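Chemist: just to be clear, the model below is a prediction. Sequence and coordinates:
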Amino acid sequence: MELRLPTVIGHRGAAAQAPENTLAGLRVAAEQGATWVEFDAMLSADGVPILFHDDSLQRTTGRDGLVAETDWRVLRELDAGSYFGEAFADERVPSLAEALNLLLDLGLHPNIEIKPTPGRDVETAVRVVEVTAEVWPRDRQAPYFCSFSAMALAAQRALRPDWPSGFNGLRHEADWQERLRALGCGAYHLLEREITPDLAATIKAAGYGLVSFTVNDPARARALRGWGVDSLVTDSPREILAALAA
Ligand code: G3P
Ligand code: MG
């Protein structure tokens, strides 16, 4: 399948300018000129895909407990904005369906990171694919998935082999190409400090997309692009777009 990657992808929305994984963050990413946004899709205890990064509720909602042990009816009421700033106190934990509907309104494209809590890799992928299939119109560019979980990516591909995906790595591994091939991934997502000019050239010569995260330094952004990196996942889309245009 054809994989068309953008130059800049907003990270968890636009995580330096708005609370991560919230509807406000998606809106800010669009205002800043991003055309794609990355966000994390995790399951509530009762199996509803929501936008959330950590296993624990503490950092972004101030509440004790685990996402995997909390039902959607509770999660949906939590304040997911005050941790970032009082101006965002009305932000709630969004469901994946709410987020995708907003992206359609905003004309933004989703990079859905399947983010399973421990032991829920396949279940998370299945529910994320089900909800995305319900909401995302067939006549739009296919939604794009990524994950650190090989099990989740395999499940996504088994259900929807027509939807493109990328394999996330915090460390570059020598067997990267076998992993991507086995999972049918068209792109390799790597922690930006793992990427060297030689490695970028090797990955691009092998025909794969290369996505780096998380790139917030303008000079680094220009260097990575110069080495052939396709996409920069950033907390500050406006700043990085401006750096690349300069
Ligand atoms: O796709 C890159 C990004 O999602 C990876 O990291 O931890 O911010 O979800 P994280
Ligand atoms: Mg993520």
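Modeler: Everything's here; your move. Ligands and ions are numbered 1, 2, ... in the order given.
Chemist: whichever residue of the chain sits closest to ligand 1: what's its closest spatial neighbour, skipping adjacent residues?
Modeler: Across the chain, the shortest distance to ligand 1 (CB to the nearest ligand atom) belongs to residue 213, at 3.8 Å. Any C-beta I mention is one placed from the backbone N, CA and C, and that applies to glycine too. Distance criterion CB to CB, 6 or more residues apart in numbering; nearest residue to residue 213, sequence neighbours excluded, is residue 233 at 3.8 Å.
Chemist: show me what the helix or strand harbouring that neighbour is in contact with.
Modeler: Following DSSP states H and E, one finds residue 233 within strand 231-234. Around strand 231-234, the neighbours that count as contacts under CB atoms under 8 Å, 6 or more residues apart in numbering are 5-11, 36, 38, 111, 187, 189, 192, 209-216, 221, 224-225, 240.
Chemist: for the longest helix seen in the chain, packing partners?
Modeler: Determined from DSSP state H, the single longest helix within the chain is helix 121-135. On a contact count with 3 or more CB pairs under 8 Å, 6 or more residues apart in numbering; DSSP states H and E, helix 121-135 meets strand 36-43, strand 49-51, helix 96-106, strand 109-114, helix 150-159.
Chemist: partner strands of the strand holding residue 233, parallel or antiparallel?
Modeler: Under the criterion DSSP bridges, strand 231-234 sits next to strand 8-11 (parallel), strand 209-213 (parallel) in its sheet.
Chemist: just say which of those strands is most tucked in.
Modeler: strand 8-11 (a mean of 30; mean count of other CB atoms under 10 Å).
Chemist: and the gap between the closest residue to residue 75 other than its chain neighbours and residue 222?
Modeler: On the basis of CB to CB, 6+ apart, the spatially nearest residue to residue 75 that is not a chain neighbour turns out to be residue 93, at 4.8 Å. The gap separating residue 93 from residue 222 is 35 Å, by CB to CB, to the nearest Å.
Chemist: on that earlier part again, and the residue nearest to residue 213, how many neighbours?
Modeler: Residues lying near residue 233 (other CB atoms under 10 Å) number 25.
Chemist: can you list the helices and strands packed on helix 121-135 in CSV and add mean pLDDT and distance to residue 85?
Modeler: Below are the helices and strands packed on helix 121-135 laid out as CSV (pLDDT from 0 to 100; distance: least, CB to CB, whole Å):
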stretch, mean pLDDT, distance to residue 85
strand 36-43, 98, 19
strand 49-51, 98, 18
helix 96-106, 98, 20
strand 109-114, 98, 24
helix 150-159, 98, 32
